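[1] Let me see the structure of the following:
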Amino acid sequence: MNIFGRDLSRDELERRTGDLSAVAGIRQMVLDNGVERGVRAIDLRTASGLELEVLVDRAFDLGSARFRGVPLGWRSGNGFRHPGLHEHTDEGGLSWLRALDGLLVSGGLDHTLFGGSVDATRYAYPPKQTVSHGLHGRLTAIPARLLEAREVVTTDAAGAASSVLRVVGEVVQATSFGEHLRLTRTIELDFDGREIRLHDVVDNLGFETTPHMFLYHLNFGWPFVDEGTEFVAPIASTLWASDSTTQQGVSYRTLPEPQQGFVEQVYEHEIVPDAEGRNHVALLAADKTIGVEVSWTAAGMPHFFEWQNLRNGQYAVGLEPSTHHVDGDGSARDDGSMIWLEHGDSRTYDTTIRVLEGAAEVDAARAGIRSIADQPE
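    Numbering: from 1, shown residues only. Just a heads-up that it's a prediction; the model follows:
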């Protein structure tokens, strides 16, 4: 392992400290003030300086994230609100925006994108002919069950030990006479690593055929988002863009400084996967000092949205892999693209968030993405 610039075996490190948590580790805690009071969280720290907060009571999503003290995940000002404060149906279904904060806010499990009412007769409960959804569904406000939080040590054939910080949680979204879906999320960080690995499995515990939609709202803020930051992706075409993209003169590729009254810009880009079937996108600082690359299995989430929220005081970019096109729930049912899970069916999603440090890594990430495909000006 590389520990503070030195290559040390696990044995050599253990000889130098009585508790490896002095270098890297996992700590469980409970947030205890304001709207966050009562939210269980897990703090993971690696020897490279990557710090990550897992919000157990908010769907096992990712809260604050830092690299060597520099914030990576976006903070909106909402705080990590206790799920008991969430108003799912308020504000015309847009109350999800009051829960939007942190590095990852997941959408799902039976609905993502904008809300509305859809047919529910398949659940065979006469008083419930339709079901109403808000923006990005109910998942965000469901507490998880913590299954595992520990350091996992493995040994290769040569006897060298490697260490992974692993947390596992289970989120169940269920109602009588409706969906009964389970998300099992595994999050791993290498003991000396600079990447976050997400492995999600969604399965249907119920006995009715149930719709499934899933989306990652991965949110990055300053200074990973700054004037001159470049969005890099192998783009075959842009399938959809919000009206605001033609009205404000702001590029989807290169970011400006924060703007007063900026109206969010959203794009759906058709991403070209690499030879191994993974999609790659990146945000690269203009001075090449830092960057972040996100990759995921294209088969699981074939769609991708770029969200620009560049207004004063909010200033963020969202990189959003999705199971479905921007048209959403009703359209997916009409055109046959809705995912229907039978009892016992499951879907698997694998995503990596990698922090880039220095010009060599930033340039290598850009070159690697460019080798897959270019992108329009």
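
[2] Tell me the spacing between T238 and Q375.
    9 Å (CB to CB, to the nearest Å). For every residue, glycine as well, the C-beta is placed using N, CA and C.

[3] Please say which of these two ends up with more neighbours.
    Q375 (20 against 15; other CB atoms under 10 Å).

[4] what's D287 in contact with, if anything?
    Neighbouring residues of D287 by CB atoms under 8 Å, 6 or more residues apart in numbering: G228.

[5] Am I right that E230 is in contact with T254?
    Yes - counting by CB atoms under 8 Å, T254 is a contact partner of E230 at 5.6 Å.

[6] Between these two, which has more neighbouring residues?
    E230 (17 against 12).

[7] Would you mind giving both backbone torsions of the more buried one?
    phi -110, psi 130 (degrees, to the nearest 10).

[8] okay, it: pLDDT?
    As predicted, E230 sits at a pLDDT of 98.

[9] can you check the one 4 residues further on too?
    What the model reports as pLDDT for P234 is 98.

[10] Just give the closest residue to it, not the sequence neighbours.
    Take P234 and drop its neighbours on the chain: the residue closest to it by CB to CB, 6 or more residues apart in numbering is A373, 3.5 Å away.

[11] what do you get for E87?
    Nearest non-adjacent residue to E87 (CB to CB, 6+ apart): S95, at 4.5 Å.

[12] now the one you found: how far from K288?
    For S95, the distance to K288 - CB to CB - is 40 Å.

[13] tell me the contacts of the residue nearest to P234?
    By CB under 8 Å, 6+ apart, the neighbours of A373 are 234-236, 272.

[14] Tabulate the CA atom coordinates of the helix or strand hosting S331 in PDB.
    Assigned by DSSP states H and E, S331 belongs to helix 329-335. The C-alpha coordinates for helix 329-335 follow below in PDB (Å, rounded to 0.1, in the frame of the first residue of the first chain):
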ATOM      1  CA  ASP A 329     -42.400   7.100 -16.700                       C
ATOM      2  CA  GLY A 330     -45.500   7.500 -18.900                       C
ATOM      3  CA  SER A 331     -43.400   7.500 -22.100                       C
ATOM      4  CA  ALA A 332     -41.500   4.400 -21.000                       C
ATOM      5  CA  ARG A 333     -44.800   2.500 -20.500                       C
ATOM      6  CA  ASP A 334     -46.000   3.600 -23.900                       C
ATOM      7  CA  ASP A 335     -42.900   2.800 -26.000                       C
END
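
[15] Show me what secondary structure element comes after it.
    By DSSP H and E, the next helix or strand past helix 329-335 is strand 339-341.

[16] now that following strand: how far from the chain's centre is it?
    In terms of CA atoms, centre = their mean, to the nearest Å, the centre of strand 339-341 is found 22 Å from the chain centre.

[17] Could you rank the contacts of A373 by neighbour count and give me the top one?
    I235 (24 neighbours).

[18] gap between the closest residue to that one other than its chain neighbours and V152?
    Counting by CB to CB, 6+ apart, I235 lies nearest to Q375, which is 4.0 Å off, once chain neighbours are set aside. Separation of Q375 from V152 (CB to CB): 38 Å.

[19] Check L55 too.
    22 Å.

[20] try H343
    H343 is 32 Å from V152, by CB to CB.

[21] just A120 next, same as before
    On the measure of CB to CB, A120 and V152 end up 42 Å apart.

[22] Settle it for me: which of the two has more neighbours?
    Ranked by neighbour count (other CB under 10 Å), A120 and V152 place A120 first, with 17 against 12.

[23] what's near enough to touch the more buried one?
    Contacts of A120 by CB under 8 Å, 6+ apart are 128-131, 178.

[24] redo that, cut-off 10 Å
    128-132, 177-179, 211 (CB atoms under 10 Å, 6 or more residues apart in numbering).

[25] give me the beta-bridge partners of the residue nearest to it when sequence neighbours are not counted?
    In this structure, A120 finds its nearest non-sequential neighbour in V131, 4.2 Å apart by CB to CB, 6+ apart. Following DSSP bridges, V131 is listed with bridge partners V118.

[26] where's V131 relative to D61, distance?
    In terms of CB to CB, V131 sits 23 Å off from D61.

[27] what do you get for S295?
    S295 is 19 Å from D61, by CB to CB.

[28] what's the answer for F177, then?
    F177 is 28 Å from D61, by CB to CB.

[29] is it true that T140 lies in a strand?
    No - counting by DSSP: H, G, I helix; E, B strand; the rest coil, T140 is located in no strand; its state is helix.

[30] contacting residues around L50?
    24, 44, 65-68, 72, 165, 189-190, 192-196, 353, 355.

[31] The helix or strand hosting A360 - what's its average pLDDT?
    Assigned by DSSP H and E, A360 belongs to helix 358-372. Here helix 358-372 scores 98 as its mean pLDDT.

[32] which parts of that helix are buried?
    Buried residues in helix 358-372, counted by 16 or more other CB atoms under 10 Å: 361-362, 365-366, 368-369, 372.

[33] Mind putting the residues you listed into JSON lines with distance to S337?
    What follows is those, written out as JSON lines (distance: CB to CB, whole Å):
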{"residue": "E361", "distance to S337": "37"}
{"residue": "V362", "distance to S337": "36"}
{"residue": "A365", "distance to S337": "31"}
{"residue": "R366", "distance to S337": "32"}
{"residue": "G368", "distance to S337": "30"}
{"residue": "I369", "distance to S337": "27"}
{"residue": "I372", "distance to S337": "24"}
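
[34] Pick out whichever of the residues you listed sits closest to P83.
    Within those, proximity to P83 (CB to CB) peaks at A365, which comes in at 35.7 Å.
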